[in-house]
Structure formats: structure tokens, C-alpha cells
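[1] Provided below for reference: sequence and predicted model.
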Amino acid sequence: MTDTITRPSGNGGETHQVTDADHPVLTTNHGTPVSDNQNQLKVGPRGPVLLEDEVYREKMNHFDHERIPERIVHARGSAAHGYFECTESLADITRADLFQKKGQRTEVFARFSTVAGGAGSVDTPRDVRGFAVKFYTREGNWDLVGNNIPVFFIQDAMKFPDLIHAAKMEADRGYPQAATAHDTFWDFISLMPEATHMIMWAMSDRTLPRSFATMEGFGIHTFRFVNAEGKSTFVKFHWKPRAGLASTIWDETVKIAGADPDFQRRDLFERIGRGDYPEWDLGVQLFDEDFANSQPYDVLDATKIIPEEVLPVRIVGKMVLDRYPDNFFAETEQVAFCPSHMVPGIDHSNDPLLQGRLFSYQDTQIKRLGSTNWHQLPINQAKGRADAAGCPFLNMQRDGHMQMQVPKGRANYEPNSLHLAGEPGGPREDPNGFKSYPAEESGPKLRIRAESFADHYSQARLFWRSMDPAEQAHIASAFVFELSKVSLPHIRTTMLANLRNVDDELAQRVADGLAMDLPAAAPTSAPVIDMAPSPALRIVRGPREKHTLEGRTVGILFADGTDREEFDSVVAAVKAAGGHPLTIAPKVGSVPLSDGSNVTADAQLFGQPSVTVDACAVILAESACAKLLKEAAAVQWVMDAFGHLKAIGHNDAAKPLLDKAGVEPDEGVTDLERFVDAAKQRYWNREQHVRTLA
Ligand code: HDE
């Protein structure tokens, strides 16, 4: 029965007819009320469908067009809203509005992504992660479109289409999806020595982040800050996760992909939901021309870092992500980043990779979003200057596909004198607006790579020699795994020849893992130098590996008859340490505990393997343990926790399950009392006992 009441829709104060107190009337896209949303218009109850059914045709027509082209790279992404807060004024270095005043906040939208896979691919392949942040400053949008690795595969944007073609699924067979372990990727990498530094990072645990909240971000390129006097300072941007750096290990990551393809997206959603907001410090490395000239590499070369030990990272702000998008498509999918979006006080350098990006992103947004008016989509709109009379952007650009604005008056050109006749004359230039830094440039036009870009191995060596032994073993093993998937032996040989220039021991370990002979080292175009190792590059036992439970999830496996006191005390202790207890039982509905009370489990054993949590507690009654000994999922739950170097806390009655899973005593295997402290870290020393690495 339709009860027609007129009430505000909450949308611009218009009124709609509603069928009851809760629901506004369903209408077509053009506002016509719909009487039946269940059936097409037919001739008689069993007759043919009529073409005149506009309600059906409009609905299906819209549905047919609901997909837009996915991003050619970084298609798989997750995002969140939040704010940036300036914690140290940089007013003497840059006039950028967001860095002027300590405590000043600027709205942000951050999107994290993998690179190679399609929009529906898993969250956890071995892949670089995009780390793109849109700052809605009062002087326009600044997009810092970075990655979670501080260097890139190539030096010149001209090679980007080749790199991406080689990395994505192979052209004839359409696989592999979201994986670099295949011929064409390694063919390209083996023939591009400049990719060697980045491939070391790609084979490290950096490409297996546990959570977006536990990875670093980097602007990669050298940019410029420009202050009010017009003085320029070079700058590199760093995001440092307040939760500390944490990655998974390879076997774990592979299993997460099956257990929960949305692992990182879910983690972002749930963290924000429970108030564990992901937070990063924003750091800058500031330097001048003299410093740049004193370094044994070119600061315009995106395959190079400036080690933090040489030039410390100065923390100037923090970012907090505290709101998940309301609508995935409208926000996460339609957000469009462009490194060319600069604001007064921030400018580009001549890095040829950055310069190439300045064109590509604008171009791709027009293709993807279908119109030059993509800046009018709510997520992309500038928030506007305080003095802009409510309009965030004002200029004489007009029309085009999907124009959302209805500009008034005749002033769609400038200069004009219409204001003299009392008509609005439109906006005018501001002498304090964006000005490019007037760098002196001259020289012949050339397609050439600078000599100063010729050293492709010194920093790859620096990276390798900076790693903890556990990380070195992961890197060597990752090379073995990936190159084992390469079917053309000459590609492996070329890669081994490149690796010899990085470090002979690394090359030997990879060759041994592949059961291949070591070839001669590849020729180099510049001498390889030994730079001082940089401990800041480590995750394992590095300065940013944080032993904590804050923001981390502890899986608690329990079953019928579990001791109520033990259960409650572990849950309480995990919470007290800032962790998130996730209770897991063979059946979710209602689990009877020792005291006759019942508990509803958060998750069911088969659906929540231990790869999805950071540490594991096993609290069982003897009879339940005896049953679980015959349950492969329970044995695997414990076996994986051990194999993935996680802390395992258990009561006495659970010991037979641990024994069956092959758990051997070490400092990470504890009773329930010591468990919460033990749960704050992984046990790297255990690895040599549980798997053979290269
Ligand atoms: Fe991108 N990149 N890229 N890239 N990139 C895109 O733009 C491109 C590079 C990065 O969450 C595309 O909107 C070229 C470096 C991120 O929406 C495209 C070159 C870095 C994202 C494009 C690079 C990045 C993109 C595809 C070589 C780290 C996702 C969709 C010169 C500093 C942003 C889109 C998001 C996306 C081009 C290299 C980061 C095609 C030509 C280096 C995080 O425009």
C-alpha cells in the first residue's frame, strides 16, 4: 500500500513523495516515480516484452555502462579520507600553504594500490604498492603520487610503456595476473641494468607489506620547495608509518591471497572502523645544489636514493586516515591523481621520469573518466580558497562532456571590460599565484641519457649490504622463485650476470638455488662503488621495526569447554596492549565455556587461517584438543603460525595440538601469561629451523 507523505529528501531541501515514513519514492534518472521495480512491461502476464518500457531500458542501459576503463597500472586500490597536520612550520623553506603553521590541518584523500594486477586481482601479490595522496590545500590540490619503494625501475619515462607491457600478463596468453614471475618481465629487467636497484627492493620484503598502515611511502623524485623570496630548496618526501614497518613472509602472503583476496582493503576498512587510524609522519630530505653535486650519483635519477644516514629525514607533519569512503566507485575509483598538480611553493625538478609523468596522468584521466571535466567530480574538486566565494575553481574554461556547472553571464574570455557596464567580468590573475621556479636552462636538443645516470649497480649493492641476514635470505630466495618460473634459460643467465655486479655472494646463492653455473659478470658502464650500508633500509631488526600490539590482530583459537578465566584474561591483555583480539572457534554461533557460559566467536576456524592474524593464542580443553588433532585446519592453523615466525601462546591442554603441528620450543612459544609480551614481534631466528632459504 502506498502511503503518500511529502517530506524533505535531505538533498538540497527539495520535497519528494515517500511511500512510508522511511523511504523516498524510487524514480527514474529523470525523476519519474516508478510504480513497479520487479517486472518488465509485457503484453499480458506471459507475453512478450514491450520496447516502450523506459523504466527497464533506462535501468539496464545504466547498468551496461557502469564500468569505466580500469587504470592501466595501479588498477587495484583502496583509499581513505583523513587529514594532514603540519607539526613543524617550513615557512622559511616553502610558501606552500599546508606547511606554514604548526597545527594547521589540510584535508587529504590517500589511495594505496598494487601496480600490475587488474582491479579485481588479489591484494597481496609480490608487487610495488602505490601510495598516492591528494592534499586539498587552500591554494589548490597538491597530489603527491608516490610508491612504497623510494626508487623506480627506469630512468626515463620513454621506457614506461615497455616496462608495464613486460610486467603485466603476457600478450598472447593473458596470464599471469598480478605476478612478475614470468618470462617477459624478467626478459625486460635482465636487459635493463638501470632496473637492478629497484629489482632488489622488489625481491625484498618491501613488496609484501602486512598492511598499508605498516609500509613507508616515498615521493621518489627530487622536487623543489620555493619560499616567499623565490629561493629554491630541493626536497625528497618520505612517509614513515607510526605503526612501524611490518611485512609478511612469502609463504604467508601466498596463503593470504587464497584465504582473503581483499586482505589489505579489509584491513584498512576495519582499522578505521575500530579507531586504529593508520598514521604516518611526513618527512623531508632538504638539500641544495652543492649537496647534490657532492654525491656520487645524480639526484635527478629516480633509480637512486639519498641514504638517510647521509641526509637525515626531518619530520614536518603527520597524516591520519580516519574515514573510509562512503562509496567505492565515486571516491576510490574516480579519484584522479596527477603529479603535475602543484601548488604555490612546490615545483618539479628536471628528473626525466617525473617530467614524463607530468603529461601521462592528465592524459590517462581523460581516457579513464571520459571527459576533461573530471576535476568537477566531488572527490577531485579543489576545496577552494577562503576568498573564492564558495567556488573552488574559477576560470574561463567552459563546456565539454559532462559539464556539471552552469556558469552565468557572458564573461567566458579574458581580458574583458564587461564590469564597466555592470556585468560580472569573471576572475583575474593573482600576482601571488603559482610561479614556476625560474631555473636557467640552455643547451642543445638531444635524445640522450646523462653520463651521471650511468652507474646502475652501486646502490643495488648498498641495498643488499644494508639488509639483515634474514632479509638477504628472503631476497635471494625470491630471485630463485621468480627465475624458476622463467622458462627461457638465457634470461636467467643474463640476470645472474647482472647480479654479479651487485654482489658475488648474492649471485652465487641465486645460482645455487637454480642449480646453474655462474656466468661472467655483465659489463658495466660505470665503476661500481662501495657505499656505506644504510641500516634505515632494513625492516627486520631495523630502526622502524616496532615491537608492539597496537593496531595488530591476535587470533585466539578456542572451542567447547575452554577455560573461561584463561579466555577472558588473554582477551583483556590483548586489548590492554592496544591489540585487536579475534576469537576463532570450530563453530561460530555459540561456544560453551568451562563455567557453563556461552561465547559467540568472531570467526570460524576454516575461514580464518592463522595467516590473517599477527600472533596466535590456543586455549583449549583437553577433550576439544583431542578432537582438533583430527582436524587438518586446526593443525595447519598452528603449523602456519609457527612457520610464519609468529608468537604462539597456549595453555597446557593445547600442547598436543602444538606437538602434532611440529611446534618446537623457542622464545616465541609461551604460556598464556607471557604471551602478550611475546606477541609483539616475529621470531626471525626460528626461520632457519623451519625452511631452507637460498
Ligand atoms: Fe604512475 N601512472 N607512472 N608512477 N602511478 C599511473 O595514472 C606513469 C610512476 C603511481 O591511486 C597512471 O591515474 C608513467 C612512478 C601511482 O590512482 C598513469 C610513469 C611512481 C599511481 C601512470 C610512471 C608512480 C600511478 C595510471 C613513468 C611513484 C596510482 C592511472 C614516467 C613515484 C594513482 C593513473 C592512483 C598511476 C603513468 C611512473 C606512482 C598511466 C608514465 C615513478 C601511485 O598515468
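    Sure, I can see it. Since we're looking at a predicted model, the values are computed, not measured.
[2] Could you tell me how many residues sit around Arg410?
    12 (other CB atoms under 10 Å). All C-beta spots, glycine's among them, are computed from the backbone N, C-alpha and C.
[3] what do you get for Glu331?
    The burial count for Glu331: 20, using other CB under 10 Å.
[4] for the one 5 residues further on, same thing?
    Counted with other CB under 10 Å, the neighbours of Ala336 add up to 22.
[5] tell me the pLDDT at it?
    On pLDDT, Ala336 comes in at 98.
[6] Report the secondary structure state of the spatially closest residue to Pro312 that is not a sequence neighbour.
    Spatially, and ignoring its direct neighbours in sequence, Pro312 is nearest to Gln285 (7.5 Å; CB to CB, 6 or more residues apart in numbering). For Gln285, the assignment made with DSSP: H, G, I helix; E, B strand; the rest coil gives strand.
[7] In contact with Gln285, which residues?
    Gln285 is in contact with 235-236, 238, 306, 308, 311-314, counting by CB atoms under 8 Å, 6 or more residues apart in numbering.
[8] Ala79: what secondary structure?
    Following three-state DSSP, the label given to Ala79 is strand.
[9] Isn't it up against Val335?
    Yes - Ala79 is within contact range of Val335, at 6.5 Å (criterion: CB atoms under 8 Å).
[10] tell me, what's touching those two both at once?
    With contacts taken as CB under 8 Å, 6+ apart, the residues that reach both Ala79 and Val335 are 109, 111.
[11] What strand or helix carries Ser623?
    helix 622-628 (DSSP states H and E).
[12] which helices and strands sit right next to that helix?
    On a contact count with 3 or more CB pairs under 8 Å, 6 or more residues apart in numbering; DSSP states H and E, helix 622-628 meets helix 655-660.
[13] make it 10 Å
    If contacts are counted by 3 or more CB pairs under 10 Å, 6 or more residues apart in numbering; DSSP states H and E, helix 622-628 sits against strand 553-558, helix 632-643, helix 655-660.
[14] do you know which of these lies nearest Thr196?
    helix 632-643 (31.0 Å; CB to CB).
[15] For the residue nearest to Val502 when sequence neighbours are not counted, give me its contacts.
    Excluding the flanking residues, the one nearest Val502 by CB to CB, 6+ apart is Ala460, at 4.5 Å. Ala460 makes contact with 151, 193, 195-201, 303, 498-499, 501-503, 506, 528, according to CB atoms under 10 Å, 6 or more residues apart in numbering.
[16] Tell me which stretches of the stretch 251-400 of the chain form helices.
    For the stretch 251-400 of the chain, helices defined by DSSP state H, counting those that start in this stretch occupy the ranges 263-273, 289-294, 352-369.
[17] what do you get for the stretch 501-650 of the chain?
    504-514, 564-576, 622-628, 632-643.
[18] In TSV: these, plus mean neighbour count and distance to Asn147.
    Listed next are the helices of the stretch 501-650 of the chain as TSV, based on neighbours: other CB atoms under 10 Å; distance: least, CB to CB, whole Å:
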stretch	mean neighbour count	distance to Asn147
helix 504-514	19	23
helix 564-576	17	33
helix 622-628	18	43
helix 632-643	21	29
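[19] Which positions within stretch 340-358 qualify as buried?
    Under the neighbour-count criterion of 16 or more other CB atoms under 10 Å, stretch 340-358 has 340-349, 351-357 buried.
[20] that older thread, check the offset of the helix or strand containing the residue nearest to Val502 from the chain's centre.
    In the assignment (DSSP H and E), Ala460 maps to helix 458-466. Remark: helix 458-466 is offset 25 Å from the chain centroid, using CA atoms, centre = their mean, to the nearest Å.
[21] So for that helix, mean pLDDT?
    For helix 458-466, mean pLDDT is 98.
[22] Run the angle between that helix and helix 504-514 for me.
    If you take axes from the mean of the first three to the mean of the last three CA atoms, to 10 degrees, helix 458-466 sits at 80 degrees to helix 504-514.
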